[in-house]
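# Test case, fold it:
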Amino acid sequence: MALEKPYYCHPHALVETTDIGEGTRVWAFVHILPGATIGKYGNICDHCFIEGKVHIGDNVTLKCGVYLWDGITLENNVFVGPNVVFTNDLRPRSKNASYQLQTTLIREGASLGANSTILAGITVGRYAMTGIGAVVTRDVPDYALVYGNPARQHGWVDEQGEKLTAVEPGKWISLDGKRHYQETENGLLLQQ
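This next block holds a predicted model:
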């Protein structure tokens, strides 16, 4: 008698890893290679591909058409919009066995808008947000809102993705007035 998996797997998905957390949902036409690690309560939508050296945290959402290549890490609570494009090689050539694998880190709570392109080797900071179609070619600070081609910063957002308001130089406040943030060299820091 086969044991029931602690996660949902659509019958038309091909899941070759054994490291998927409880409550995660894997939908149709997803292919996950051996070695990939996927946390709890995630949602991997149709037509996604995940290579074996990918690490995905808890509560991560991958919308349709996302391909995650070796070297990519998505921390907890990351949202990846439909058809976001990742790369892992800065100088790709066909059949190049000696390519230099670049690692890409998407930090906790970050959201990547639909059709964003993420250059290999960068970090998108905690709770940062990329706009639809953004071409992200450099690191994104914590809580930053970036969009455009190339993506440039156009403000700051809070944990819910709402734009923040400046109260004085280097200090920001949430729309509801309950959370205060201080600029640092790495982006914003929530004040306790």
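# Show the contacting residues for His47.
Contacts for His47 (CB atoms under 8 Å, 6 or more residues apart in numbering) come out as 28-30, 64-65. In this view, the C-beta of every residue, glycine as well, is placed from N, C-alpha and C.
# Could you do Val60 as well?
Contacts of Val60 by CB under 8 Å, 6+ apart are 38-39, 42-43, 74, 76-80.
# Would you check which pair of the residues you listed lies furthest apart?
Largest separation among these by CB to CB: Ile38 and Phe79, giving 15.1 Å.
# Can you pull out the low-pLDDT segments for the chain?
For the chain, applying pLDDT under 70 flags the ranges 1-3.
# switch the cut-off to 50
Applying pLDDT under 50 to the chain flags residues 1.
# who's the nearest residue to Lys5 once chain neighbours are set aside bridged to?
Spatial nearest neighbour of Lys5, chain neighbours left out: Ile20 (7.7 Å); criterion: CB to CB, 6 or more residues apart in numbering. Beta bridges link Ile20 to Ile38, judged by DSSP bridges.
# residues in contact with Ile20?
Residues in contact with Ile20 (CB under 8 Å, 6+ apart) are 5-7, 26, 32, 38.
# Any chance of a PyMOL selection covering the buried ones in these?
Remark: buried members of the contacts of Ile20, expressed as a PyMOL selection using 16 or more other CB atoms under 10 Å:
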select buried, resi 7+26+32+38
